[in-house]
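**Student:** Sharing a sequence plus its predicted fold:
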Amino acid sequence: MKLEYAVARPAEVAADLLILPSFDGPEAGPGLAETGKALGVDLVELLTANGFRGRLGDAFAIPTLGNLPSATVLVVGLGTRDRVDADRVRRAAGKVATRVRGYRRVAVALAQGARGPWQDALTASAEGLLLGLYRFDTYKHRDRDADRLQKLTLVGSARWDGRQARAAVQRGEILAEATAWARDLVNTPALDATPEFLASQARAMAREVGLKVKIWSKAELEKGGFGGILGVGRGSSNPPRMIELEYAGGRGKPVALSGKGITFDSGGLSLKDAKNMEWMKSDMAGAAAVLGAMRAIARLKPKVNVIAAIPSAENLPSGEAIRPGDVLRHRGGKTSEVLNTDAEGRLILADALAFLAERKPAAIVDTATLTGACMIALGDEIWGVMGNDDDVVEELLAAGDDVGEPGWELPLWSGYRKKIDSEVADVKNTGDRYGGAIVAALFLEEFVGDTPWAHMDVAGVAFAQKPGDYWPKGATGSPLRTLVRFVERRAKKTS
């Protein structure tokens, strides 16, 4: 499919489907009155008579019967006029994306209905459409020619700068493509998506976009003292890996990223029940988000250095698996007592965080599907964040707001540190049942030293049990776009 930008009056656009905005009321959006005049009908009256309100995502199709260069007009609601921002454009575009598959040429003018920077709205329009079109059908036998869409044109205003507009569209395409790739990684069944598979995908991606890459083998992890990654991976015949990536885009200390890469989580000897195990191929969604973010960063080229260390293991029970009560020695020498083998994500992240801290970065951000406790606290639309540095936390929250991936800060309450005191090791990997998300973050904090750091718990948002505005059931790709925007904010800050 070809994605392009064009400036044209909506009534003069030649397409099989023309998508125009409307506001709550309904109230005509840009191009709607002009199109109605060309058709010889008051479109607002027509929409009202047919029960169309113009609420976010409402859609109504109107055949033009040869009276316009476009065969069909699809009017899409953006909601209340003064509340229409880039995220509402993104969500409206995503909601109607599945309706465009049956058309070869589609033109979209939704970005013209937004308030605020038009560049953001144009990027959001591209993102919403492309992310809404995503589906994972690798394992389905179907007609690959079922999708007819060949050209998608984003229609802009003559008042907009053409070069900036094309760059905005390209940005949306880059972010959507990276998100779709990350979604594919998460949606791939664990039978195929092993730690080595994840490493091989990272290696190929790095070579494609120009990142420096190193894959740490089991033997290298043993030599390097990565006892958490090795311990979690002991129960599986698929050996663990760590993916190290580097983007050189500027000067000074790098921004460091990490993501939990448990390619399947059975719980280990602390075995999960069957129902909760059904979607545990998604326990590497944090790793996929970081990999996808690095893919997009390499193409967007922000002027900042970025490094990533992504630990990956498969958590299975066997005669070789770690047992409750075992003690692991992590990178740097700190030890942890394993009381619950299903609290394994923090064990592998501890090694990666200690490794990244050795590089003396400007900041470390890790993301993980870490705790059900965060899902209980914040639900399935908001990620949680905790950290030892207010600036890093605030920048992540702002970045999430920028791209429509909202988060909320939870307290890194030092009073709960005693919950992970161990009688036999430096720390233990679980506390009692209360404050689980906070306790997990306090465990991770033990391994970052004095480095500014924040932890994003994305257990609720990374894998959807039902379709959303611009994702089907399954992997969402969150918080990939938040990480990219965070890095870009850091680039502006350092420059």
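**Tutor:** Alright, I've got the coordinates. As the structure is a prediction and not an experimental result, all values here were calculated from the model.
**Student:** The stretch 251-400 of the chain: helices as residue ranges?
**Tutor:** Along the stretch 251-400 of the chain, counting by DSSP state H, counting those that start in this stretch, helices occupy 274-277, 285-300, 345-358, 372-378, 390-403.
**Student:** I should have written the stretch 51-200 of the chain there, sorry.
**Tutor:** Going by DSSP H, counting those that start in this stretch, the stretch 51-200 of the chain shows helices at 86-96, 118-133, 162-187, 195-209.
**Student:** Using JSON lines, lay out those helices together with mean neighbour count.
**Tutor:** Where C-beta positions appear, they are placed from N, C-alpha and C, glycine not excepted. Below are the helices of the stretch 51-200 of the chain laid out as JSON lines (neighbours: other Cβ atoms under 10 Å):
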{"stretch": "helix 86-96", "mean neighbour count": "26"}
{"stretch": "helix 118-133", "mean neighbour count": "26"}
{"stretch": "helix 162-187", "mean neighbour count": "21"}
{"stretch": "helix 195-209", "mean neighbour count": "18"}
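**Student:** Redo those helices as JSON lines? Include distance to P26.
**Tutor:** Formatted as JSON lines, the helices of the stretch 51-200 of the chain follow (distance: least, Cβ to Cβ, whole Å):
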{"stretch": "helix 86-96", "distance to P26": "14"}
{"stretch": "helix 118-133", "distance to P26": "20"}
{"stretch": "helix 162-187", "distance to P26": "27"}
{"stretch": "helix 195-209", "distance to P26": "44"}
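**Student:** Could you export these to JSON lines, including columns for distance to G333 and mean pLDDT?
**Tutor:** Shown next, in JSON lines, are the helices of the stretch 51-200 of the chain (distance: least, Cβ to Cβ, whole Å; pLDDT from 0 to 100):
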{"stretch": "helix 86-96", "distance to G333": "45", "mean pLDDT": "97"}
{"stretch": "helix 118-133", "distance to G333": "43", "mean pLDDT": "97"}
{"stretch": "helix 162-187", "distance to G333": "32", "mean pLDDT": "98"}
{"stretch": "helix 195-209", "distance to G333": "24", "mean pLDDT": "98"}
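**Student:** so which of the ones you listed gets nearest V484?
**Tutor:** helix 162-187 (6.6 Å; Cβ to Cβ).
**Student:** so what's the closest residue in space to S312 that isn't next to it in sequence up against?
**Tutor:** What sits nearest to S312 in space, not counting adjacent residues and going by Cβ to Cβ, 6 or more residues apart in numbering, is G261, at 3.4 Å. Counting by Cβ atoms under 8 Å, 6 or more residues apart in numbering, G261 touches 195, 198, 243, 284, 286-287, 310-313, 348.
**Student:** Repeat the analysis, applying 7 Å as the threshold.
**Tutor:** By Cβ atoms under 7 Å, 6 or more residues apart in numbering, the contact list for G261 reads 198, 284, 287, 310-312.
**Student:** Show me which of these is closest to T482.
**Tutor:** A287 (15.3 Å).
**Student:** and the residue nearest to D58 when sequence neighbours are not counted, how many neighbours?
**Tutor:** Leaving aside its chain neighbours, D58 sits nearest to G77 (3.5 Å; criterion: Cβ to Cβ, 6+ apart). For G77, the count of nearby residues is 29 (other Cβ atoms under 10 Å).
**Student:** Specify the beta-bridge partners of G77.
**Tutor:** The partner list for G77 in beta bridges (DSSP bridges) reads S22.
**Student:** Quickly list the domain ranges of this structure.
**Tutor:** 2-160, 179-494 (automatic domain parsing).
**Student:** For A167, find the nearest of these.
**Tutor:** domain 2-160 (7.9 Å).
**Student:** first to last residue in that closest one, what's the distance?
**Tutor:** From its first residue to its last, domain 2-160 covers 22 Å (Cα to Cα, to the nearest Å).
**Student:** Now do that domain: distance to the chain's middle.
**Tutor:** Remark: domain 2-160 is offset 24 Å from the chain centroid, using Cα atoms, centre = their mean, to the nearest Å.
**Student:** ok, now how distant is H330 from F443?
**Tutor:** 11 Å (Cβ to Cβ, to the nearest Å).
**Student:** Actually, V96.
**Tutor:** 44 Å.
**Student:** Then G172?
**Tutor:** In terms of Cβ to Cβ, G172 sits 37 Å off from F443.
**Student:** One more: D137?
**Tutor:** Noted for D137: a distance of 39 Å to F443, by Cβ to Cβ.
**Student:** The nearest residue to R115 once chain neighbours are set aside: what's it in contact with?
**Tutor:** Nearest non-adjacent residue to R115, counting by Cβ to Cβ, 6+ apart: V84, 5.7 Å away. Applying Cβ under 7 Å, 6+ apart to V84 gives the contacts 78, 113-115.
**Student:** With G172 instead?
**Tutor:** G172 touches 123-124, 126-127, counting by Cβ under 7 Å, 6+ apart.
**Student:** related to what we said a few turns ago, can you redo the domains of the chain as CSV, where the extra columns are distance to R166?
**Tutor:** Shown next, in CSV, are the domains of the chain (distance: least, Cβ to Cβ, whole Å):
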stretch, distance to R166
domain 2-160, 5
domain 179-494, 14
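**Student:** still on that earlier bit, would you mind checking the contacts of V84 for buried ones?
**Tutor:** 78, 113-114 (16 or more other Cβ atoms under 10 Å).
**Student:** Ok, which of the helices of the stretch 251-400 of the chain comes nearest F486?
**Tutor:** helix 390-403 (4.1 Å).
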